[in-house]
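In: sequence first, then the predicted structure, then my questions.
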Amino acid sequence: MKKFIFSFLLLWFSLFSYANSSDYVEGVYSSKVENLLNKHVPGWGKAEVFKGAKTFFDKHWPGQSPVEGIGDFNGDGKIDHAALVLSDKGIREIYIFLNSSKEYIVHYLGIGSHYIVVKPKGFKEFNWDIEEYIELENDTVENVTFRKAATSWIFNNGQFKKFTSAD
């Protein structure tokens, strides 16, 4: 857990300066997530990410991507998927695909920012909306706007609820 917190804070505070278009690379998605997006999100495109974020993820969080995450977001013990994509209108959007017994259930979370991070179950996160720490009951997707803020979604009573996790 300490390694996760240190790595996250290092990414948050130290990676990027002022970015221009040459500082971005196309996001990389697993074939599983690409298949889910092709089936459920017509016209989606690959979101671009900072080169530094991609390099940092590769070095410190092997297997994780700034545009894709896996976890058990609803607490049912099955692997779910999250993706930050470019819509057919050029807007960055976040989707979660919950693994049900028959097929994936798609949840549109909203407009995305620079990258997403999966926070593990049990992580103590400060919820700025209620101004106190909460312990995450399930893995959680966090949408990060570098040097600005972050929002996280927790699954509660069959739906995802958003809260401000960094300000």
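Out: Thanks, I have it. Numbering: from 1, shown residues only.
In: which stretches of the protein form helices?
Out: Listed in chain order, the helices found in the chain under DSSP state H are 2-14, 31-40, 51-60.
In: mind telling me which of the ones you listed the model trusts least?
Out: In terms of average pLDDT, helix 2-14 trails the rest of the helices of the chain, at a mean of 49.
In: I'd guessed residue 119 sits against residue 140; true?
Out: Yes: counting by CB atoms under 8 Å, a contact exists between residue 119 and residue 140, whose distance comes to 4.6 Å. To be clear about C-beta, it is placed using only N, CA and C from the backbone, and glycine gets the same treatment.
In: low-scoring stretches of this protein, by residue?
Out: Regions of the chain meeting the criterion pLDDT under 70 cover residues 1-22.
In: give me every residue that touches the spatially most central residue of it.
Out: In the chain, the residue lying closest to the centroid (CA atoms, centre = their mean) is residue 116, at 2.7 Å. By CB atoms under 8 Å, 6 or more residues apart in numbering, the residues touching residue 116 are 66-69, 82, 84, 94, 141-144.
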